[in-house]
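J.: build the 3D model from these lines:
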Amino acid sequence: EYSSSWLNGTPNEDVNATRISGWKSFLMGGFADSGHAPPQVVWPEDPWLKAYNVGNYEAPVKWKDRVVCFWPTNQGLLHGFEIYPEGLSPYVNRKWGVVPEPAFRQSLYHELRNIYRDTGYYRITLLDGPVTVRDVEIDGGWKRIAVGTTGMGTKQVIKPQNAWHKLEQNTVDTPTPLPSVSDKGRVFGVYAFDITDLQASATVSTLDPLWSVSNILFETSANDFADYYPEKKTTAAKSDYAEYADIKFSASKPLIGYTKDESGNRTWHVIILGVEKETNKYKWLDIDPS
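T.: Next up is the predicted model:
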């Protein structure tokens, strides 16, 4: 499902319907590039919680007798495949795809780069980070969540001077001189979906964005820019996501599990290893799954 209100532009930078149609075809056409993210197989029950006999664990009812594969690709799409392993001819079907918010911010540029190219076509690595699926406790109940990252993130460059003309958005070129890039920076993000009620045919209520954070930074001769953008369903403040602003990119698959206090109460964690933007040193993020 696509809403035209998701994209805003100025009169000389509007993206016309033809570009939007080409972009959607690119997203839905297949695997643009599987990137560096491996497929994640999801079983009817969380094998880790089942194996360790975690007290009161209940697997989601909607996942009974199903095997599903999640696969992020560089076009910015998280694909969902239903796996049918029984019988003489096992097979898989791609049943849905979703663009996580951090990838959505950059995905359209695939289409613009494709049209602008003179030779070759260099894709943007939008979702080259792995996705992890686990069952966790949120608000006293069991939820199945998928948490992923954009991995290395996307470096930023200056828009070419004749881009507006080339893309038929304006009949003139931009003024000169163009700013120079001192640091290409990154657009990096983390996203989480609640998939507890997800069935073979996804809907906006069963493939439910739980939260996401996009972290954007770059430096040019005209401007230094750094900010982070959480998208959330709770009343949490933007400042609650401030730690993400230090991360340039991630270097790990999200790890999801729990710790217990002396009374046996569980606290759930999503752990992501990232690289800090100022020092280039490793930094751990310990995230509340909810």
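J.: could you find the closest non-adjacent residue to the residue nearest to the spatial centre of the chain?
T.: Nearest to the geometric centre of the chain sits Pro100, at 4.0 Å (C-alpha atoms, centre = their mean). Distance criterion C-beta to C-beta, 6 or more residues apart in numbering; nearest residue to Pro100, sequence neighbours excluded, is Tyr191 at 3.8 Å. For the C-beta atoms, the positions are set from N, CA and C on the backbone; glycine is no exception.
J.: can you check Phe81 too?
T.: The nearest residue in space to Phe81 (C-beta to C-beta, 6+ apart) is Cys69, at 4.2 Å.
J.: can you check Ile247 too?
T.: Using C-beta to C-beta, 6+ apart, the closest residue to Ile247 is Gly274 (3.9 Å).
J.: same thing with Ser182?
T.: Nearest non-adjacent residue to Ser182, counting by C-beta to C-beta, 6+ apart: Glu219, 4.5 Å away.
J.: quick one: what helix or strand has that neighbour in it?
T.: Using DSSP states H and E, Glu219 falls within strand 208-220.
J.: return the residues in contact with the closest residue to Ala222 other than its chain neighbours.
T.: Of all residues not flanking Ala222 in the chain, Pro179 sits nearest, at 3.9 Å (C-beta to C-beta, 6+ apart). Applying C-beta atoms under 8 Å, 6 or more residues apart in numbering to Pro179 gives the contacts Ile158, Thr220, Ser221, Ala222, Asn223.
J.: neighbour-wise, give me the winner out of these.
T.: Within the contacts of Pro179, most neighbours by other C-beta atoms under 10 Å means Thr220, with 18 neighbours.
J.: per-residue confidence at the residue nearest to that residue when sequence neighbours are not counted?
T.: Leaving aside its sequence neighbours, Thr220 sits nearest to Pro179 (C-beta to C-beta, 6+ apart; 4.1 Å). Note for Pro179: predicted pLDDT of 86.
J.: Three-state assignment for Pro179, please.
T.: Under DSSP: H, G, I helix; E, B strand; the rest coil, Pro179 falls in the coil class.
J.: and the gap between Trp23 and Gln106?
T.: 12 Å (C-beta to C-beta, to the nearest Å).
J.: contact partners for the nearest residue to Leu77 once chain neighbours are set aside?
T.: Excluding its sequence neighbours, the residue lying closest to Leu77 (C-beta to C-beta, 6+ apart) is Gly97, at 4.5 Å. Counting by C-beta under 8 Å, 6+ apart, Gly97 touches Leu27, Met28, Leu77, Leu78, His79, Gly80.
J.: okay, and which of the residues you listed map to strands?
T.: Leu78, His79, Gly80 (DSSP state E).
J.: which member of these is positioned nearest Ser212?
T.: Leu78 (11.7 Å; C-beta to C-beta).
J.: identify the residues contacting that closest one.
T.: Phe70, Trp71, Pro72, Gly97, Val98, Val99, Pro100, Leu127, Val131, Ala146, Gly148.
J.: right, I'll leave it there.
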